[in-house]
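Student: how would this look folded up:
(one chain, ligands or ions: 1)
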Amino acid sequence: MSDVIESEQPKCKHGTLISLANIMHLEDRDLRIVELTIRCAICEEVFRFLGAPTGLSMTSPTVDVPGTTLHIPIVPGERSIEDIRAGAIKFKV
Ligand SMILES: [Zn+2]
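Tutor: Residues are numbered from 1 along each chain as shown. Down below sits the predicted model:
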């Protein structure tokens, strides 16, 4: 007798994925943070992002505690990380 229980439903191969992006605008620093999630369109399983640290940063990508939302800071034009750290709101010349 086997301890393995076979599921009667075929396992989803997650062939179609849906991405959802929300963008938060931190106006005092002219910084936006993209919140990205990805799930399977068929079984709705949520994917986890690998490799990014947990937390929230204005200068590098991070994930939430379950790892299912990737936070990516973005800036317009030629703004730099130093501009964001300094809280500058002007574009570089
Ligand atoms: Zn699926």
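
Student: next one: phi and psi at D28?
Tutor: Main-chain torsions, D28, degrees, to the nearest 10: phi -70, psi -20.

Student: Check the gap between it and L36 for me.
Tutor: Counting by CB to CB, to the nearest Å, the gap between D28 and L36 amounts to 23 Å. Where C-beta positions appear, they are placed from N, C-alpha and C, glycine not excepted.

Student: Looking at the two, which has the bigger crowd around it?
Tutor: L36 (17 against 8; other CB atoms under 10 Å).

Student: how close does that one sit to R48?
Tutor: For L36 relative to R48 (CB to CB), the value is 12 Å.

Student: got the residues of this protein near the ion?
Tutor: Contact residues, the chain versus the ion (CB under 5 Å from the ion): C12, H14, C40, I42, C43, E45.

Student: what about the residue nearest to the third one when sequence neighbours are not counted, neighbour count?
Tutor: Looking back up the chat, that one is C40. Distance criterion CB to CB, 6 or more residues apart in numbering; nearest residue to C40, sequence neighbours excluded, is H14 at 4.4 Å. Using other CB under 10 Å, the number of residues around H14 comes to 14.

Student: swap in the one 4 residues further on?
Tutor: As a burial measure, the neighbour count of I18 was computed by other CB under 10 Å and equals 11.

Student: For the nearest residue to it once chain neighbours are set aside, give me its contacts.
Tutor: In space, and not counting its chain neighbours, I18 is closest to A41: 4.9 Å by CB to CB, 6+ apart. Contacts for A41 (CB atoms under 8 Å, 6 or more residues apart in numbering) come out as T16, L17, I18.
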